[in-house]
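Chemist: Next one to model:
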Amino acid sequence: MTPWESLAAEAAHPPRMSDLFATDPGRAGAFSVEADGLRFDYSRTALTTAARDALFALADAAGLGPRRDAMFGGAPINESEGRAVLHMALRDPDGGRLAVAGRDVRPEIRDTLARMAGFARGVRSGAIAPPGGGRFAHVVHIGIGGSALGPEMALRALTPHADGPDVHVVSNIDGAHLTDVLARVDLRATLILIASKTFTTLETMTNAESARTALAAAVGERQAAGHFAAISSAVEKAAAFGIPAERVFGFGDYVGGRYSLWGPIGLSLMLAVGPERFREMLDGARAMDRHFCTAPWAANIPALLGLIGLWHHQICGFPTRAVLPYEQRLALLPAHLQQLEMESNGKSVGLDGAPLPHGGGPVVWGAAGTDCQHAFMQLVHQGSQVVPCEFLVGRAGHEAALAHHHRLLVANCLAQAAALMHGRADGPPHRRFAGNRPSTMLMYPRLTPFVLGQIVAAYEHRVFVEGVLLGLNSFDQWGVELGKEMAGTLGPAVAGEAGADAELDPAARAALAWLRGDHGPAS
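Modeler: As a prediction, this is how the structure comes out:
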């Protein structure tokens, strides 16, 4: 019997979780692991010891260990693009030699991190200042996707540690986003970071050009260039925009956008919290890297996250999972994980080019507790679809004077997990809960830069684990490209260029006609 067949057999007659606890009073401990201050509890799932062993057998059969070692060794495991996958190297700049295509990448990583730190210290101290005088009180980070969402999530998460310029993120090409952000800053005291690896990203460069126009109007064309820096590998394109090489921070093609928080894409975060706190975040992520590379599957948090995710989606057939941080400052974590997981594993074709025999990754969504309890938890508790929930909660918050708030937060988190498991059998039908609905819980002492690094790195490796088990490439995103290409061809038609809509399909022509205000019959 193959591991997949064993897992299917285990899932054919799922036990009630409450019965599992009744027969094993030590289950909470036996189905929890700890690493560097984190505790991951997966006892509130229907996993039995036999099912868990089958998952470990599947990991071994899929070659998870060798594949992990190949990734950390710099092998080009992103086969469709012929690239190594080494975002982990950004958080381990002082490690030993690491060769990509025969070239050691550690020196350039160390040099870039040092340049970032020097720039951040200069801005934070006032040594690097606006051409017109004063200090940079604001930073506007312009990017999209992995060049914006990761930094924005981390900026919110580390608010208690932010003692530098106020940082604002602009991502959407909708002019409202840029307008609303620029209205909140004094452009004469604003540094603008343009985050685009190629310096060609449509949304980012459109916003950057409009921001430059606004700056020129505020401080004059000659001084505007002194308000910009770039996060890009296209030094010449940045120079043509007016940004000198010493203010351009690039990274190698072995770092994908949604995995890029740890390097120059995180410069806005470094400006906000300082190089020391940024380095603490890298240290937390590096600690999770070591844990992932050394712990056996039974004690390995990223591996267990991935294996349990596969158990719920592929084996149990649950189509989605909800990420529920009971930490307001992690409110953007579900959105970050949506991109990380769905852009990575939202695939239907495997490494061999054939359809995936067990499908790709699930839909990932969520929100912060306790707000989520007053939004969608009704469906999670009593709806017809089972939604595995992934709770995150800290032992303590940062607000000592409001410790009673945190106690209520923790009580609500524990109550939700208990209600999902136990349900309610008495009362009229509309007040009954089926229960036996799975959840996991990732606990940490307090949300610090180190802990944030641990959490995000654990989920990054979780994506890798699921990708290996499913047989897909987690590090390309060709599904993103088609819409970009089509938007480029539609641009002239939307702008009203003569004949540009001739090749559009009837639905697009009809929509375009309505949006232009032409309410006559579509041709």
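Chemist: Show me where this protein dips below the pLDDT cut-off.
Modeler: In the prediction, the chain carries residues with pLDDT under 70 at positions 519-523.
Chemist: Helix or strand: which one has the residue nearest to the spatial centre of it?
Modeler: Within the chain, one residue has its C-alpha closest to the average C-alpha position: by Cα atoms, centre = their mean, that is residue 336, at 3.2 Å. Here residue 336 sits within helix 333-345, counting by DSSP states H and E.
Chemist: ok now that helix, how far from the chain's centre?
Modeler: When C-alpha coordinates are averaged (Cα atoms, centre = their mean, to the nearest Å), helix 333-345 and its chain have centres 5 Å apart.
Chemist: After it, which helix or strand is next?
Modeler: Stepping forward along the backbone from helix 333-345, the first helix or strand reached (DSSP H and E) is strand 363-366.
Chemist: What are the buried residues along whichever helix or strand comes after that following strand?
Modeler: Under the assignment DSSP H and E, the closest C-terminal helix or strand after strand 363-366 is helix 377-382. With burial defined by 16 or more other Cβ atoms under 10 Å, the residues of helix 377-382 counted as buried are 377, 380, 381. (C-beta placed from N, C-alpha, C; glycine too.)
Chemist: now stretch 195-214
Modeler: Buried positions in stretch 195-214, judged by neighbour count with 16+ other Cβ under 10 Å: 195-197, 199, 201, 203-205, 207-208, 210-212, 214.
Chemist: Equivalent analysis for stretch 413-427, please.
Modeler: When neighbours are counted by 16+ other Cβ under 10 Å, the buried residues of stretch 413-427 are found to be 413, 416, 417, 419, 420, 421, 422, 423.
Chemist: got those residues as a markdown table, with distance to residue 46 and secondary structure columns?
Modeler: Rendered in a markdown table, the data for the buried residues of stretch 413-427 read as follows (distance: Cβ to Cβ, whole Å; DSSP: H, G, I helix; E, B strand; the rest coil):
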| residue | distance to residue 46 | secondary structure |
| --- | --- | --- |
| 413 | 21 | helix |
| 416 | 18 | helix |
| 417 | 14 | helix |
| 419 | 17 | helix |
| 420 | 12 | helix |
| 421 | 10 | helix |
| 422 | 14 | helix |
| 423 | 14 | coil |
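Chemist: Specify which member of those residues is nearest to residue 23.
Modeler: Comparing the buried residues of stretch 413-427 against residue 23 with Cβ to Cβ places residue 421 closest, at 14.9 Å.
Chemist: That closest one contacts residue 437, doesn't it?
Modeler: Yes - checked against Cβ atoms under 8 Å, the pair residue 421 and residue 437 is within contact range at 6.9 Å.
Chemist: is it true that residue 141 lies in a helix?
Modeler: No - inclusion of residue 141 in a helix is not indicated when DSSP: H, G, I helix; E, B strand; the rest coil is applied; the result is strand.
Chemist: what's around the nearest residue to it once chain neighbours are set aside, how many residues?
Modeler: Counting by Cβ to Cβ, 6 or more residues apart in numbering, residue 141 lies nearest to residue 268, which is 4.0 Å off, once chain neighbours are set aside. Other residues lying near residue 268 total 30 when counted by other Cβ atoms under 10 Å.
Chemist: residues touching residue 268, list them.
Modeler: For residue 268, the contacting residues are 139, 141, 151, 155, 167, 169, 193, taking Cβ atoms under 8 Å, 6 or more residues apart in numbering as the criterion.
Chemist: Among the residues you listed, which ones are in strands?
Modeler: Secondary structure assignment (DSSP state E) places 139, 141, 167, 169, 193 from these within strands.
Chemist: where exactly do the strands run in the protein?
Modeler: Along the chain, the stretches classed as strands by DSSP E are 32-35, 38-41, 99-100, 103-104, 138-142, 166-170, 190-195, 228-231, 248-249, 320-326, 363-366, 389-394, 439-444.
Chemist: Can you give me the neighbour number for the residue lying closest to residue 150 once chain neighbours are set aside?
Modeler: Among residues not flanking residue 150 along the chain, residue 261 sits closest, at 3.8 Å (Cβ to Cβ, 6+ apart). By the other Cβ under 10 Å criterion, the neighbourhood of residue 261 contains 30 residues.
Chemist: Likewise for residue 185?
Modeler: Other residues lying near residue 185 total 18 when counted by other Cβ under 10 Å.
Chemist: cool, and residue 309?
Modeler: Counted with other Cβ under 10 Å, the neighbours of residue 309 add up to 25.
Chemist: didn't it look like it was pressed against residue 466?
Modeler: Yes - using Cβ under 8 Å, residue 309 and residue 466 qualify as a contacting pair, with a distance of 5.6 Å.
Chemist: So for these two, which residues contact both of them?
Modeler: Common contacts of residue 309 and residue 466 (Cβ under 8 Å, 6+ apart): residue 361.
Chemist: just to revisit the earlier point, so which residues make contact with the helix holding residue 336?
Modeler: Residues from elsewhere that reach helix 333-345, judged by Cβ under 8 Å, 6+ apart: 145-146, 149-150, 153, 157, 258-259, 322-325, 360-368, 392, 455-456, 459-460, 462-463, 466-467, 470, 472, 474-475, 477, 479-480.
Chemist: Just the CA atoms of that helix, as CSV, please.
Modeler: This file holds the C-alpha atoms of helix 333-345, laid out as CSV (Å, rounded to 0.1, in the frame of the first residue of the first chain):
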residue,chain,number,x,y,z
LEU,A,333,-0.6,38.0,7.8
PRO,A,334,-3.6,36.2,6.2
ALA,A,335,-3.2,38.4,3.1
HIS,A,336,0.5,37.8,3.0
LEU,A,337,0.0,34.0,3.2
GLN,A,338,-2.7,34.2,0.5
GLN,A,339,-0.1,35.4,-1.9
LEU,A,340,2.7,33.2,-0.5
GLU,A,341,0.7,30.0,-0.7
MET,A,342,-1.7,30.6,-3.6
GLU,A,343,0.8,32.1,-5.9
SER,A,344,3.3,29.4,-5.0
ASN,A,345,1.1,26.3,-5.0
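Chemist: now the angle from it to strand 320-326?
Modeler: In terms of direction (axes from the mean of the first three to the mean of the last three Cα atoms, to 10 degrees), helix 333-345 departs from strand 320-326 by 150 degrees.
Chemist: Next, the angle from helix 333-345 to strand 389-394.
Modeler: For the pair helix 333-345 and strand 389-394, the angle between their directions (the same axes, to 10 degrees) equals 130 degrees.
Chemist: buried sites along helix 333-345?
Modeler: 333-345.
Chemist: Roughly how far does the nearest residue to residue 223 once chain neighbours are set aside sit from residue 485?
Modeler: Using Cβ to Cβ, 6+ apart and skipping residues adjacent in sequence, the residue nearest residue 223 is residue 131, 4.1 Å away. Separation of residue 131 from residue 485 (Cβ to Cβ, to the nearest Å): 39 Å.
Chemist: what about stretch 8-26, start to end distance?
Modeler: The first and final residues of stretch 8-26 sit 26 Å from each other (Cα to Cα, to the nearest Å).
Chemist: So which residues make contact with that stretch?
Modeler: Under the criterion Cβ under 8 Å, 6+ apart, external residues in contact with stretch 8-26 comprise 1, 27-28, 30, 43-46, 48, 50-51, 54, 311, 315-316, 421-422, 435-436, 438.
Chemist: so of those, which ones are in helices?
Modeler: Judged by DSSP state H, the contacts of stretch 8-26 include 27, 28, 30, 50, 51, 54, 421, 422 as members of helices.
Chemist: quick one: the fifth one and residue 317, what's the gap?
Modeler: Think residue 51. Applying Cβ to Cβ, the value for residue 51 to residue 317 is 15 Å.
Chemist: Repeat that for the third one.
Modeler: To residue 317, residue 30 is 26 Å away according to Cβ to Cβ.
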